[in-house]
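Chemist: Pasting the sequence and the predicted coordinates here, then a few questions.
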Amino acid sequence: QVQLVESGGGSVQAGGSLRLSCEASGFTVRSYCMGWFRQASGEAREGVASITSDGTTSYADSVKGRFTISQDDAKNTLILQMNSLEPEDTAMYYCAAGLCDDAGVWSVVKYWGQGAQVTVSP
């Protein structure tokens, strides 16, 4: 059974840090492009960061230099380290697996996680 389970969301003040994890089951994280999307209230879902099966990473301009995407192969887990958080980062964050290119453009999202809420206060 394929499943993506996020953890690590929460509330933090501006300037703080959070670490999101996404544990995959039913497939290995290296077999797909993996990534994080977010959706703020009333807004469209947007890509935040991605990592291809060969380890190439890509980031949205709004998070470059603050967020880092990585994989823990031993735990079959995708990680998003978020530093210097801003109120504009407040959103539901979703883990995804599918097909994307080195620039982080997705052609197919096959699996979604259930989401993890991140709230950043001023």
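Modeler: Sure thing, it's come through.
Chemist: Could you use CA atoms for every contact and neighbour count after this?
Modeler: OK.
Chemist: where does the residue most central in space within the chain land in three-state SS?
Modeler: Nearest to the geometric centre of the chain sits Trp36, at 2.3 Å (Cα atoms, centre = their mean). Look at Trp36: counting by DSSP: H, G, I helix; E, B strand; the rest coil, its state is strand.
Chemist: Going by neighbour count, which residues of the longest strand belonging to the chain are buried?
Modeler: Taking DSSP state E as the assignment, the strand of the chain that covers the most residues is strand 91-100. Using 16 or more other Cα atoms under 10 Å as the test for burial, strand 91-100 gives 91-100.
Chemist: Quick check: the farthest pair among those?
Modeler: Pairwise distances across the buried residues of strand 91-100 (Cα to Cα) peak at 23.4 Å, for the pair Ala91 and Leu99.
Chemist: hang on, the earlier thing: ok, the residue nearest to the centre of the chain to Gln71 distance?
Modeler: When distance is defined by Cα to Cα, to the nearest Å, Trp36 is 12 Å away from Gln71.
Chemist: And for Gly10?
Modeler: Counting by Cα to Cα, the gap from Gly10 to Gln71 is 21 Å.
Chemist: can you give me the end-to-end distance of stretch 69-78?
Modeler: 7 Å.
Chemist: from the chain's centre, how far out does that stretch sit?
Modeler: 12 Å (Cα atoms, centre = their mean, to the nearest Å).
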